[in-house]
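Peer 1: Quick one: sequence plus predicted model below, questions after.
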Amino acid sequence: MKYETYFKLVLATGLRRGEACGLKWSDINWKKRTIHVQRGVVKLSHQESITKDPKTTSGDRMVYLSKEMCQLLKAWRKECEWDRAQTANETVSEDDYLFRQPNGKPMNPCTFTYRFKLILKANNLPLDLNVHSLRHTNASLLIAQGVDVRTVASLLGHAQASTTLDIYAHAFDKNKREAQQKIGRVIGL
């Protein structure tokens, strides 16, 4: 359930893999169905993972959750509580990471990358995909649904809407075609 929750969370919110690893239970507002993204886990080669603040102020942001995503997160928390009670006779704290190692530290983003590759291979899916592909899918789907670029940039934590435009220019082609058809109908050409 850990991997299902992690991958669906990244897909549903567009979080970076390290941002998802850096989430704590206290970052979730269940009533408002939001997550406060305020840290990420980074793994430097030949060093332990570290938790860092976002690179920019726009990286510190709120993302929104569907009812279904909240239900999955609540089910994941129940599983974590059961596991902690069985293995350590402890409870889950609000200060615990959603995806934690037995020692309490956040999981390494590379763990999820490794698991993602195993899932791709087991299901004969293209191996050139990666966890970041889920973030790209989120952004592309938002754009395809007509969400404006500033909102998409804000949800992804991009400091500039131009960054979003540079990365996802291809996704706006459908919107450009529809816009051209609309103006054509208005002016009769």
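Peer 2: That came through fine.
Peer 1: Could you pull out the helices in the chain for me?
Peer 2: 2-13, 17-21, 67-87, 109-122, 131-144, 149-156, 161-168, 173-187 (DSSP state H).
Peer 1: ranking the ones you listed by burial, who's on top?
Peer 2: Mean neighbour count, computed with mean count of other Cβ atoms under 10 Å, is highest for helix 17-21 among the helices of the chain, reaching a mean of 25. (C-beta placed from N, C-alpha, C; glycine too.)
Peer 1: Please name every helix or strand in contact with that helix.
Peer 2: helix 2-13, strand 40-43, helix 109-122, helix 131-144 (3 or more Cβ pairs under 8 Å, 6 or more residues apart in numbering; DSSP states H and E).
Peer 1: quick one: which of the ones you listed is nearest Val186?
Peer 2: Among these, helix 131-144 comes nearest to Val186, with 23.1 Å by Cβ to Cβ.
Peer 1: what angle sits between that closest one and helix 2-13?
Peer 2: Helix 131-144 runs at 30 degrees relative to helix 2-13, counting by axes from the mean of the first three to the mean of the last three Cα atoms, to 10 degrees.
Peer 1: Could you list the low-confidence segments of the protein?
Peer 2: 169-176, 189 (pLDDT under 70).
Peer 1: try 80
Peer 2: 43-50, 55, 88-89, 144, 159-189 (pLDDT under 80).
Peer 1: re the thing from before, identify whichever of the helices of the chain lies nearest to Asp60.
Peer 2: By Cβ to Cβ (comparing all of those), the closest turns out to be helix 17-21, at 10.4 Å.
Peer 1: wait, what's in contact with Ser49?
Peer 2: Cys21, Val41, Val42, Lys43, Lys105, Pro106, Asn108, Pro109 (Cβ atoms under 8 Å, 6 or more residues apart in numbering).
Peer 1: Show residues contacting stretch 145-157.
Peer 2: 13-14, 16, 19, 37, 54, 56, 58-59, 61, 63-64, 135, 138-139, 142-143, 160-161, 163-165, 168, 172, 175.
Peer 1: List the contacts of Asp95.
Peer 2: Lys24, Trp25, Ser26 are the contacts of Asp95 under Cβ under 8 Å, 6+ apart.
Peer 1: Arg100: which of the residues you listed is nearest?
Peer 2: Lys24 (9.2 Å).
Peer 1: Mind listing the residues bridging to that closest one?
Peer 2: Tyr97 (DSSP bridges).
Peer 1: quick one on the thing from earlier: could the contacts of Ser49 go into JSON lines alongside distance to Asp83?
Peer 2: As requested, these are exported to JSON lines (distance: Cβ to Cβ, whole Å):
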{"residue": "Cys21", "distance to Asp83": "18"}
{"residue": "Val41", "distance to Asp83": "20"}
{"residue": "Val42", "distance to Asp83": "26"}
{"residue": "Lys43", "distance to Asp83": "24"}
{"residue": "Lys105", "distance to Asp83": "16"}
{"residue": "Pro106", "distance to Asp83": "16"}
{"residue": "Asn108", "distance to Asp83": "19"}
{"residue": "Pro109", "distance to Asp83": "21"}
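Peer 1: That's all I had, so thanks and see you.
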